[in-house]
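>>> Give me a 3D structure for the following:
(2 chains)
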Amino acid sequence: MAITEPRPLALPSGEGEFTVEHPLGVFERPKPRGGWRSWLTTVDHKKVGIMYGAAALFFLLVAGSEALLIRMQLWSPRGTLLSADAYNQVFTMHGTTAVFLVVMPIGAAFMNYLVPLQVGARDVAFPRLNAFSFWVFLMGGIFLNSSWFLGGAADGGWFNYAPNNGVLYSPTHGIDFWNIGLILTGIASLVGSINLIVTILNMRAPGMSLMKMPIFTWMALVTQFLILFAIPVLTSAQFLLLFDRLFDANFFNVAKGADPLLWQHLFWIFGHPEVYLMILPAFGLVSEMLPVFSRKPIFGYPFIVFSGVAIGFMGWGVWAHHMFVSGIGPISVTTFSLTTMFIAVPTGVKILNWTATMWGGKLRFTSPMLFSIGLVTMFTIGGLSGVSHSIAPADTQQTDTYYIVAHFHYVLFGGAFFGFMGAMYFYWPKVFGYMLDEKWGKANFWLLLIGFNLTFAPMHVLGLHGMSRRIYTYDSGYGFDLWNKVATIGAFTIAASVLLFIINIFRSKAKARQLPPPGPDPWDARTIEWMVPSPVPAYNFDPIPTVTRVDDFWYRKYGETEDGRLVRVAATEDVVQKAEGDHDVHLPSPSYWPLVTAVGLPIIGYGLLYTWWLCLIGGLITVAGIYGWALEPPDDPDAAHGDDHGPDEPAADEAPASEAGTGEDAVDKEPETVG
Amino acid sequence: MAEAIAHHRELMAERDAHAEHAHIEHDTNTGISNTKLAMWLFLGSECLLFGGLITTYLLYKNPLEGPTPEEIFDIPFTSTSSFVLLMSSLTMVLAVSAIERGDHHRLRVWLTATALLGGTFIAGQVYEFTVFYNEGLGFTTSRFSSAFYTLTGFHGVHVTVGIIMLVSLILLSLRGHLPEHRSETVEIVGLYWHFVDVVWILIFAVVYLIP
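Purely as a prediction, here's the structure:
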C-alpha cells in the first residue's frame, strides 16, 4: 500500500508553517499597501467594519427610497404612482432590505470595529473569514437587488408567507432571488457570528473576565449567539421553499397535503430572535454612550448584562405571537401571550437602568447623548405597543393593520436606528480621526425625531381605524386621508435628516482641516477602545492593556476620595497610547481568497435560476477560492516581523490554528450554498 | 490625597508591567483553541439546521399518495449501512489517537479507513435512493418523499463534505504537512465527523425506526 508508506516528515520543530509562494500559481500575495486594492484584500477588522457600514448606508438609501415610494403612493386615496404589483414588490423589498441589508450590517459594522478594540485584541479570531463574511454579505445584497432588473423583485412581504410564495401565486423569479440572496447573507452572518463569539470568548485582554467586559461586547455576544442559532432555521426554511419553487417539491404544496403553517413557524422561530438581534447591538451602544455623557458608571451593570442574556433566551419562546390569527388554538395562544408579557420584563429592566444612569449625573447633551435619549424614549413607546400585542384578543384586531407597522418601526427605527445614529456621532472621531459637527448633529437629531414621530405615530391611529398594511391604496371616506398625508410629510422629513447626516460627513471632514485633531479620547470616555490613537492604528493596541475592572480606562484617569467624590488621578495624555514611534507588530496578511470564494456564490445562485453552466463556473471559482485559501498561510512569511514585540504577539499561537480552521470551515459551508 | 494618587499610579504601572507576562501564559481565555471553539459553534448551528429539517419530516411523514414509508423502507439494509457509518467514528477516534502518538503511518491507515467507510455509506444511500425511485417514490411524488429526500440528502451532503476533508487530510499527511503539533486539525475534522454520525443516529431512529 503505497499510500501508507512511511515518509520522512518535514517540519519537526515549532516553526511549522509550510509556505506556498504563489498559491495555485494565480495570485501573488497582496502586499499591505494603500489604495483601493487594499480594501479588496484587507483582513483588518476595522476596514471590514467600515466597509460593512458603507454598504449598509448605501442600502439605507435604497430602502429609504422604497419607503418614500410607498408613502408617495399612499399620499392620497386611489394613488396611481405604483401599480398593485409594483407596490407589492416595493414594500417587500423595503422590509427585506431594511432588515437584512441595513440594520443587521450596521450592527455588524459596529461589532466588527469595536469588539476587538473593546476586548483588547489585535484583530478578530479569523481575519480572513471576517473579510469573507463581508464579501458574501455584499454579494447577497447585490444578488437580491439585481432582481429589480431581472423580471421583478419578491412580492410576498418580507416574510413571504406560504402558499403565496409558491410559483403559482408569484411566478416571477423575485422570490427565488429573495431566497438565494438571503441564504447568502445568512452564510455571511453565520460565519461572522462564529468569528465574533470566538473573539469575545477567547481573545480578551489579560484581566478582562466576562463580567468586566464592556456592555456593548456583552450585547454583541448575545446577538451573535442569536444569529448562530436563528439563521440556520431560516436557511432550512428557505431551502424547502427553494426546492418547492425550483424542483417542484411539496413542502408548501397544499394540493399534496402540505401545511402552509410550517413556513410561518419556521420563519418566526427565526424571525423573533431576529428582531432581538437587531435591537441588542443598539442597546449595547446606548449603554456605552449614556454613562459617558452622564459621567456616571452604568447603573446595575450585572442587571443590564443578565437582562440582555435573558432576552437572548426568552426571545426563543415568543415566536407564535406573530401567528395569533392563524388558528394555532387557545392553548398555544395563551402560552405565547404569557411569554410575550414576560419578555417585556428584561427590556423594562434595561430602560430602568438607563434612566437611573442619567439620574443625578452631570448630563452633557451632545448629539450622541440626544440620540441615546431618543432611543430610550422611542423604544419605550414601541415596547408598550408591543405589550399590547401580547393581549391576544386585542392583537386579533391589530394584526395586519398599520398599528403593527407603527409598533415595529418604533422599536427598530426609533430603537435600533436612533442608537446607531448616536453611535455614528460617538465613534466617528475614533474611526476617521475627525469629529462630526455638533450643531449639524443636533439639527440632524431633532429633524429625525420630528420626522420619525410624524411618520409613525399617525400609523397607530390609522391601524386602530382599521387601515390594512400591504394594501396599495385606499378609498376616501374612511378617515385615512389626513393621517396618511401627515405620515408622508414625516417620511420626507426623515429623508431630509438623513441627507443632513450625509452632508455633515463631508462638511465636517472639510472643516476638520482647520481644527486640531480630536485625540484618542474626545468625549472623556470610559472603555479601553478610547485609549488607542484616533484613527485607530492597524495594530490596535501596543502594548495590550491589562484590565482590572469595568470601565478600566476611566479609572486610569479618575479615582475616588473616601467620601466617594470623583478625582482626577492622571492626565488623559499620560494614560492613552501613543501613535508615534516604531510599532512593528506582526499582523495577519491581506488575502485575495475571501473575495474570490465569495464571488463564486452568487454566480451559483444565478446558475440555479437560469442555466446550470453558471453553477459549474461559480462552483469552480468557489472551490478554487477555498483551496487557495487553505493552502495560503495566514501570515505572509515575507511580511515585516519585529522581534521586539514577541511577548504580546497573538500570532504565535493563533496562526496555525486559524490557518487550518479557516480552510476546514470554508469547506463546510460549501455544500449549503451549492445544495 | 496626593498619596492616594501616587499609590494609584504605582498600581497602574505595576499592572501594565505584568501585562505581557500574563498574555503568554494563556493561549486563549477559555483554554480551548480558537479553531476548535469555532467548530463547536458551527456544529451548534448545524443542530438547528437539521432541527428544522427533522421537524419538517415529522410533520410530513404520512403521505396522501404514493408509496408509504412502511412499504419501501428496507430496515436491514439501512441498519447495515448505519452500522458502517458508526464504525467510521471508531476509526476516526483511532486516527486522532494515532497522530497524537506521532504515528503517521497509522494516522493515514485510519483516515483512509474512515473515508472508505463513509464512502460505503454514501454508496448505500445512492443505491437506496435508486431503489426507492424505481419503486415509484420520486422527489415530487408526495409530501413524504420531498421531506425524506431532503433530510437524508442534506445528511448525505454533509458526509460527502466530511469525506472531502478526510481526503484532504490524507493528502496533507502524505506531503508531510501534518506534523504532530497540528494534530488538532485532525481532531477538529473528527468533531465534524462524529457530529454527522450522531445526526444520522437521530435521523435513522426518527425516519426508519419510529413508526
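>>> show me where chain B has helices.
Secondary structure of chain B (DSSP state H): helices located at B:2-17, B:19-25, B:34-60, B:69-72, B:75-100, B:104-134, B:143-174, B:183-203.
>>> closest to A:M531 out of those?
With CB to CB as the criterion, A:M531 lies closest to helix B:2-17 of the helices of chain B, at 11.1 Å. The way it works is simple: take the backbone N, C-alpha and C, and place the C-beta from them, glycine included.
>>> mean confidence for that closest one?
Computed over helix B:2-17, the mean pLDDT rounds to 59.
>>> Kindly report the same for stretch A:62-75.
Stretch A:62-75 comes out at a mean pLDDT of 97.
>>> Let's see that stretch as CSV, backbone CA atoms only.
Extracted C-alpha coordinates of stretch A:62-75, given in CSV (Å, rounded to 0.1, in the frame of the first residue of the first chain):
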residue,chain,number,x,y,z
VAL,A,62,-32.2,52.0,-1.3
ALA,A,63,-34.6,51.0,1.5
GLY,A,64,-35.3,54.7,2.2
SER,A,65,-36.2,55.4,-1.4
GLU,A,66,-38.5,52.4,-1.4
ALA,A,67,-40.2,53.8,1.7
LEU,A,68,-40.6,57.1,0.0
LEU,A,69,-42.2,55.4,-3.0
ILE,A,70,-44.7,53.7,-0.6
ARG,A,71,-45.5,57.0,1.2
MET,A,72,-46.0,58.8,-2.1
GLN,A,73,-48.3,56.1,-3.3
LEU,A,74,-50.4,56.5,-0.1
TRP,A,75,-50.4,60.3,-0.1
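>>> Distance from that stretch to the middle of the chain?
Stretch A:62-75 sits 23 Å away from the centroid of its parent chain (CA atoms, centre = their mean, to the nearest Å).
>>> Likewise for stretch A:567-577?
Between the centre of stretch A:567-577 and the centre of its chain there are 34 Å (CA atoms, centre = their mean).
>>> And the residue in the stretch 401-550 of chain A that chain B sits nearest to, how far from B:N29?
Using CB to the nearest CB, the closest approach of the stretch 401-550 of chain A to chain B is made by A:T546 at 4.1 Å. Taking CB to CB, to the nearest Å as the measure, A:T546 and B:N29 are separated by 13 Å.
>>> In terms of neighbours, single out the busier of the two.
The residue with more neighbours, out of A:T546 and B:N29 and counting by other CB atoms under 10 Å in any protein chain shown, is A:T546; that gives 22 against 17.
>>> for the more buried one, helix, strand, or coil?
Classification of A:T546 by DSSP: H, G, I helix; E, B strand; the rest coil places it in coil.
>>> you'd agree it is up against A:A205?
Yes - shown here, A:T546 and A:A205 form a contact pair, counting by CB atoms under 8 Å, at 6.6 Å.
>>> can you count the residues close to the closest residue to B:L117 other than its chain neighbours?
Nearest-residue entry for B:L117: B:S88, 3.6 Å, with adjacent residues in sequence omitted and distances by CB to CB, 6 or more residues apart in numbering or on different chains. By the measure other CB under 10 Å, the count of residues near B:S88 is 28.
>>> these two touch, right, B:S88 and B:T112?
No - contact status for B:S88 versus B:T112: not in contact, 11.1 Å apart, counting by CB under 8 Å.
>>> quick one: A:V405 and A:M459 touch, right?
Yes - when contacts are counted by CB under 8 Å, A:V405 is listed as touching A:M459 (5.3 Å).
>>> Compare the two (neighbour count), which wins?
Shown here are A:V405 and A:M459; by other CB under 10 Å, A:M459 has more neighbours (25 against 21).
>>> Smallest gap between the stretch 201-350 of chain A and chain B, at which residue?
In the stretch 201-350 of chain A, no residue comes nearer to chain B than A:S236, which is 3.2 Å away by CB to the nearest CB.
>>> Secondary structure element for that residue, which one?
Remark: A:S236 resides in helix A:215-247, with elements defined by DSSP states H and E.
>>> and A:S508, what element?
Judged by DSSP H and E, A:S508 forms part of helix A:481-512.
>>> Show me where chain B dips below the pLDDT cut-off.
Confidence mapping of chain B against pLDDT under 70 gives the ranges B:1-26.
>>> quick revisit: summarise which helices and strands the helix holding A:S508 is packed against.
Helices and strands touching helix A:481-512, as assessed by 3 or more CB pairs under 8 Å, 6 or more residues apart in numbering or on different chains; DSSP states H and E, comprise helix A:45-73, helix A:418-432, helix A:438-464.
>>> Could you export the next helix or strand after it as PDB, keeping only the C-alpha atoms?
Elements were assigned by DSSP H and E; along the chain past helix A:481-512, the next helix or strand is helix A:552-557. The C-alpha atoms that make up helix A:552-557 are tabulated as PDB, following Å, rounded to 0.1, in the frame of the first residue of the first chain:
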ATOM      1  CA  ASP A 552     -11.000  50.400  33.100                       C
ATOM      2  CA  PHE A 553      -9.900  53.400  31.100                       C
ATOM      3  CA  TRP A 554     -12.000  55.700  33.200                       C
ATOM      4  CA  TYR A 555     -10.300  54.500  36.400                       C
ATOM      5  CA  ARG A 556      -6.900  55.100  34.800                       C
ATOM      6  CA  LYS A 557      -7.900  58.700  34.600                       C
END
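>>> contacts for helix A:552-557?
A:208, A:212, A:297, A:521, A:524-528, A:530-531, A:545, A:548-549, A:568-572, A:575, B:12 (CB atoms under 8 Å, 6 or more residues apart in numbering or on different chains).
>>> pLDDT on it, on average?
Across helix A:552-557, pLDDT averages out at 93.
>>> Stretch A:321-330 too?
Stretch A:321-330 carries an average pLDDT of 92.
>>> Can you mark which positions in it are buried?
A:321-324, A:326, A:328 (16 or more other CB atoms under 10 Å in any protein chain shown).
>>> what's the answer for stretch B:64-72, then?
Along stretch B:64-72, the positions that meet the burial threshold by neighbour count (16+ other CB under 10 Å) are B:66-67, B:69, B:72.
>>> Pull the residues that contact it.
Contact with stretch B:64-72 is made by A:256-257, B:61-62, B:131-132, B:135-137, B:141-145, B:148, B:207-208, B:211, as judged by CB under 8 Å, 6+ apart.
>>> Which members of those residues are classed as buried?
Buried members of the contacts of stretch B:64-72, counted by 16+ other CB under 10 Å: A:256, B:61, B:132, B:137, B:141-145, B:148, B:207-208.
>>> Considering those residues, which is situated nearest to A:M139?
B:F148 (32.3 Å).
>>> Is the helix or strand hosting A:F267 in proximity to chain B?
In the assignment (DSSP H and E), A:F267 maps to helix A:261-294. Yes - part of helix A:261-294 sits close enough to chain B to count as contact by CB under 8 Å from any CB of the partner chain, namely A:262, A:266.
>>> Distance of the residue of the stretch 201-350 of chain A closest to chain B relative to B:I75?
For A:S236, the distance to B:I75 (CB to CB) stands at 27 Å.
>>> same question, A:P594
When CB to CB is the yardstick, A:P594 and B:I75 sit 46 Å from each other.
>>> Please apply the same query to A:I279.
Shown here: A:I279 relative to B:I75, a distance of 49 Å by CB to CB.
>>> do A:S534 as well
When distances are taken as CB to CB, A:S534 and B:I75 turn out to be 67 Å apart.
>>> swap in B:L41?
Applying CB to CB, the value for B:L41 to B:I75 is 35 Å.
>>> Same question for A:V596.
Remark: distance between A:V596 and B:I75 (CB to CB) = 46 Å.
>>> Give me the more crowded residue out of A:S236 and B:I75.
For A:S236 against B:I75, the residue with the higher neighbour count under other CB under 10 Å is A:S236, and the figures read 25 against 12.
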